[in-house]
Structure formats: C-alpha cells, structure tokens
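Q: based on what follows, work out the 3D shape:
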Amino acid sequence: MSSTFLIGLLITFMCFIVPAVMYNSAVRRNAPILKQISFIPICLTVAVASLLSYFLFYNQHQFLASMSLVELILPFVVAILIYVIACAKNLYKLTYVAFACGAFICSFAIPQDAVAAISPLAPIYNRILVAVAWTFFSWIFAYSDTCEAMSGIQAFAITAGIAILGFINAVPPLLGMFSAYLAASCFALIIFNWYPSRISLNKIDVMCLGFLVFAPISWAVCENAASCTIIFSMYLLIDFVCAALLLLTFSRKYRNLIDNTSCRQALQKGLPPSMAASFSCRIQILLIFFGAFQTMSSHQYSLVLVTALMTLWFLYRFRNLDQKERSIAEINRQVIEDLQDRVNDIKQYIHGDDE
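A: You can find the predicted model right below:
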C-alpha cells in the first residue's frame, strides 16, 4: 500500500471530520446562523485539502492534458464570492448573474490543452459550452433540495463516483482524491441534514454546493470521462426534465417546478422523508455502479441510454411507491437484489459490445 494512498485516505478522513465537528458545534451551541451556513465548512475544508494534495502529489504525466493551480482553486474562491453576494442585502439580486459570471471565469481558467480535449469544437466554443453547462447545473441543483439530505446525497453520489474513477485509474488519481474530499464532506452534511435535520440548507447553500460539485465534473470531462459523469448525474437530470415537462402541461397541480420532482410527489402521497432519502440512495448506488462499468465498455456512451431508461423507471416507481415499500429492511433487501441483477445485465451488455 503506497504512502500516497495512505496520505490521501487520511486527508479524506479529515475532510469528513472537520465539517462534522463544525456542524456538531453549531448544533450544540444552538446557533441559528451557524446552522444555516452549511456550505462554508465544506468549501473551506475541501479547498485546503485539495490545495495541499496538489502541492504534494501533482504529476502532469498522469493527466491527458494538464491541470493548473488556478483551475483548481478558482471554483472554491468563486463559490465563496457568490455566497457572499447572495447573502448581502444590497447585492442578492445579482446572485444569478454572479453564478453565470463565475462559471465563465472558471471555464476560462481551464488550460488550453485540457479544454481542447472536451470536443472537436474550437477551444473558445468548448469554454462557452463548459460555462453554460456549469451555470445550468448550478441552477438545476437547487431543485435537488426536495427533502432532508436529498441535496447531500446527490452531491455525494456524483463526487463518490468520480472518486471511484480515480481509484481505478479511469481518471488521474489526484482528480479522484479531490472528488473523494468533496464526497467525504458531503457525507458529513448528510449525517446532520438527514431527517429530522439538525443542519438546514437554504437555496444559496444548495446552488453553491452544485457549483462546487461541477468542478470535478469539468475536470473529469477534460480527462475523457464525460459519459461517466453524465451517468453519475443522471438522477438530477432526469428528475428535473420530468418536473419541467409536468410544468409545461400548464396544469394547476403542476405549477410549482420543485413540487413536480419525484421526491416531492412521493412525500405528498405520504411517504416519510427518511424513506424517500433511502429510496433515493438506492437509485444513486445503481448509477455509481453503471458509471464505473461504463469505463469497461468499448463504446464511450454505450450505457448512457441504458441508465437514462433505468433512472426514468426508478423515478416512476419513486412517485408511486405503495405502502409495502415503506420498510427500511425491505428497501435495503431490494437494493442488494437490484445491484446483483444490474451487475449481471451490465456484464452481458459489455460482452455484447465486445462481440
């Protein structure tokens, strides 16, 4: 076992402990202000850990292109600035403009050789594409906050998936470390935000978290792992599209976009928040497996359609959960069974591609 792995594991553990201690301190002191700034401990902790790891372990030969220090640290700085603007009484109206400007700034910080690897388009168009995707992702991530722990679960699933890609060398190991740090901090958030929540999340917390989560997504895309990141984000994307389509029906009961999401629909039918979060975890685990198996496929986007259909089916079930599925033991048992079935399906699908 290499020293790099052990040091990375230790830093990952610290990225869990530091936010957890800060959240616990806020809860013990019963400080409303401290309990409502849940994004700040995550951002500061992961920024310090990532900066330290960059100086310790960065090796350009591990990357298909390159990664600069500015590219690494800028998303954290911009996220903090956006958070300050959103919380200022005189500037909060500029929040969405700040997200768009911040996304463009971060996209133009990507090195030329890295941004050229995104698509065959000219680098300037690739930068604009990344900036638009970054802004859009931050905006729709606000609609992940459908009940307690849901935003943390989705952020954890995406970053944990990219961390696994780093572990299996599908992306540079250092990039996997950065994602593991963010995943560990999100796990601490999940513990304190799980129903009944002790740490609250407001809209700007969730959007800034989404802004930060897109940073490792953009880095992974530059390392030719776009299809994997799409799969890891599939729950958020499909759920938002379904909610938007319901909104476009112009029906009275679908006027509120966030209430059209699968989780909110399930809650309205009486599903307890803890059961909703558990069922969401089930879907996210399957997406992590599919995203990891995508690296074994001979076709870059071969599993994207499969996971889209699978996620759509799971979200349909989520909206229509019956009384029998309210048991945690039953949900956990079904998770194991579904994982076994999906792994067997993936193996057959990959073997079919190879033939």
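Q: could you use CA atoms for every contact and neighbour count after this?
A: Noted.
Q: grab the most central residue of the chain for me.
A: Ranked by distance to the mean C-alpha position of the chain (Cα atoms, centre = their mean), the top residue is residue 155 at 3.1 Å.
Q: now the element after the helix or strand hosting it, going C-ward?
A: Following DSSP states H and E, one finds residue 155 within helix 150-167. Scanning forward in sequence from helix 150-167 by DSSP H and E, the next helix or strand is helix 173-193.
Q: that following helix - what's its average pLDDT?
A: Averaging pLDDT along helix 173-193 gives 95.
Q: list the buried residues for the helix or strand following it?
A: Sequence-wise, the next helix or strand downstream of helix 173-193 (DSSP H and E) is helix 203-222. Neighbour-count burial for helix 203-222, counted by 16 or more other Cα atoms under 10 Å, picks out 204-222.
Q: do stretch 19-29 as well
A: 19, 20, 22, 23, 24, 26, 27.
Q: got it, and stretch 98-117?
A: Quick answer for stretch 98-117 (16+ other Cα under 10 Å): 98-111, 114-117.
Q: in strands, which of these fall?
A: Using DSSP state E, no member of the buried residues of stretch 98-117 falls within strands.
Q: among those, which are located in helices?
A: Under the assignment DSSP state H, those contribute 98-108, 114-116 to helices.
Q: mind listing what residue 130 touches?
A: Residues in contact with residue 130 (Cα atoms under 8 Å, 6 or more residues apart in numbering) are 103, 104, 107, 218.
Q: measure it to residue 204 for me?
A: 21 Å (Cα to Cα, to the nearest Å).
Q: got it, and residue 282?
A: Between residue 282 and residue 204 the computed distance is 27 Å (Cα to Cα).
Q: swap in residue 256?
A: Per Cα to Cα, residue 256 is found 19 Å from residue 204.
Q: pLDDT averaged over stretch 27-46, what's the number?
A: Averaged across stretch 27-46, the pLDDT comes to 82.
Q: burial measure for residue 6, as a count.
A: 11 (other Cα atoms under 10 Å).
Q: ditto for residue 290
A: 23.
Q: look up how far residue 103 lies from the residue nearest to residue 109 when sequence neighbours are not counted.
A: Computed as Cα to Cα, 6 or more residues apart in numbering, the closest residue to residue 109 that is not its neighbour in sequence is residue 71, at 5.2 Å. According to Cα to Cα, residue 71 stands 12 Å off from residue 103.
Q: just to revisit the earlier point, which of the contacts of residue 130 sit farthest apart?
A: Spanning the widest gap among the contacts of residue 130 are 104 and 218, at 12.4 Å by Cα to Cα.
Q: would you list the contacts of residue 130 in TSV and tack on pLDDT?
A: Listed next are those as TSV, based on pLDDT from 0 to 100:
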residue	pLDDT
103	96
104	95
107	94
218	95
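Q: which member of the residues you listed is positioned nearest residue 46?
A: Closest to residue 46 out of these is residue 218 (16.6 Å), distances taken as Cα to Cα.
Q: residue contacts, that closest one?
A: residue 130.
Q: and stretch 177-191, how far out from the chain middle?
A: 10 Å (Cα atoms, centre = their mean, to the nearest Å).
Q: how about stretch 152-160?
A: How far stretch 152-160 lies from its chain's middle: 4 Å, per Cα atoms, centre = their mean.
Q: mind saving the C-alpha coords of the helix or strand hosting residue 96 as PDB?
A: In the assignment (DSSP H and E), residue 96 maps to helix 95-108. Extracted C-alpha coordinates of helix 95-108, given in PDB (Å, rounded to 0.1, in the frame of the first residue of the first chain):
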ATOM      1  CA  THR A  95     -26.900  36.200  -7.500                       C
ATOM      2  CA  TYR A  96     -27.800  34.500 -10.800                       C
ATOM      3  CA  VAL A  97     -25.600  36.900 -12.700                       C
ATOM      4  CA  ALA A  98     -22.800  36.000 -10.300                       C
ATOM      5  CA  PHE A  99     -23.300  32.300 -11.000                       C
ATOM      6  CA  ALA A 100     -23.100  32.900 -14.800                       C
ATOM      7  CA  CYS A 101     -20.000  35.100 -14.500                       C
ATOM      8  CA  GLY A 102     -18.300  32.700 -12.100                       C
ATOM      9  CA  ALA A 103     -18.900  29.800 -14.400                       C
ATOM     10  CA  PHE A 104     -17.400  31.700 -17.300                       C
ATOM     11  CA  ILE A 105     -14.400  32.700 -15.200                       C
ATOM     12  CA  CYS A 106     -13.800  29.100 -14.100                       C
ATOM     13  CA  SER A 107     -14.200  27.800 -17.600                       C
ATOM     14  CA  PHE A 108     -11.600  30.300 -19.000                       C
END
